[in-house]
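Chemist: Here is a sequence together with a model predicted from it:
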Amino acid sequence: MRFIGTTETKVDPKGRTVIPVAFRRVLKEHGEERVVLRKDDFQPCLVIYPESVWSALVDTVRARLNRWDPQQQMMFRQFVSDVEVQTLDSAGRILIPRRYLQMAAIDTAVKIIGMDDSMELWADDGSGKPFMEPADFVKAMQQIMNPENDNDR
């Protein structure tokens, strides 16, 4: 499952936003009927996971944590507790709860960015927050993709 590209759209007064047609096709091709919405841990955006991707991620996290360690149980609880499971409506929209809109500082305009096996929902405030400066991006890609760095991994 692969989501690529960026789409600009809106959140309506009821808190609904449309999932881009190309992304809905990917979901349909993979038999996904529901998505899981969660606040990103590092950035001021929301992450939309196809349900199967979310389930695999939960399984991975669960496998790495000890059920008998109280702190690790708290970590797992926090990881899985504040999510919303959504089914796309007939118009291809999902409902974004008000608290999620507030967490991501989303008003009306949004960008939905394909992130391989998930999507990110960002406030489209013109700041370019989700992206690096072009020159910084090129420099970082050159460094990462340099074959001489393969021995460092």
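Modeler: Received it, and whenever you're ready, just let me know what you need.
Chemist: how near is the spatially most central residue of the chain to S90?
Modeler: Nearest to the mean C-alpha position of the chain, by Cα atoms, centre = their mean, lies V47 at 2.2 Å. As judged by Cβ to Cβ, to the nearest Å, V47 and S90 stand 24 Å apart. For glycine as for every other residue, the C-beta is placed from the backbone atoms N, C-alpha and C.
Chemist: do the same with K129
Modeler: Plainly put, K129 is 32 Å away from S90 if you go by Cβ to Cβ.
Chemist: What of W122?
Modeler: Applying Cβ to Cβ to W122 and S90 gives a distance of 26 Å.
Chemist: which secondary structure elements does the helix or strand bottoming out on mean pLDDT in the chain contact?
Modeler: Lowest by mean pLDDT, DSSP states H and E among the helices and strands of the chain is helix 134-145, with a mean of 87. Packed against helix 134-145 by the contact rule (3 or more Cβ pairs under 8 Å, 6 or more residues apart in numbering; DSSP states H and E) you find no helix or strand.
Chemist: Begin at 30, not 1, for the rest of this chat.
Modeler: I'll keep to 30 as the first residue from here, and by that count the last item is helix 163-174.
Chemist: Pull that helix out as CSV, backbone CA atoms only.
Modeler: Taking Å, rounded to 0.1, in the frame of the first residue of the first chain, the C-alpha atoms of helix 163-174 are listed here in CSV:
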residue,chain,number,x,y,z
PRO,A,163,14.7,22.8,-1.0
ALA,A,164,18.5,23.4,-0.6
ASP,A,165,18.5,21.6,2.8
PHE,A,166,16.5,18.7,1.3
VAL,A,167,18.9,18.3,-1.5
LYS,A,168,21.9,18.4,0.8
ALA,A,169,20.3,15.8,3.2
MET,A,170,19.4,13.5,0.3
GLN,A,171,22.9,13.7,-1.1
GLN,A,172,24.4,12.8,2.3
ILE,A,173,22.0,9.9,2.9
MET,A,174,22.2,8.5,-0.7
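Chemist: circling back to that earlier point, in terms of neighbours, single out the busier of K158 and S119.
Modeler: Taking neighbours as other Cβ atoms under 10 Å, K158 and S119 compare with K158 leading, 14 against 5.
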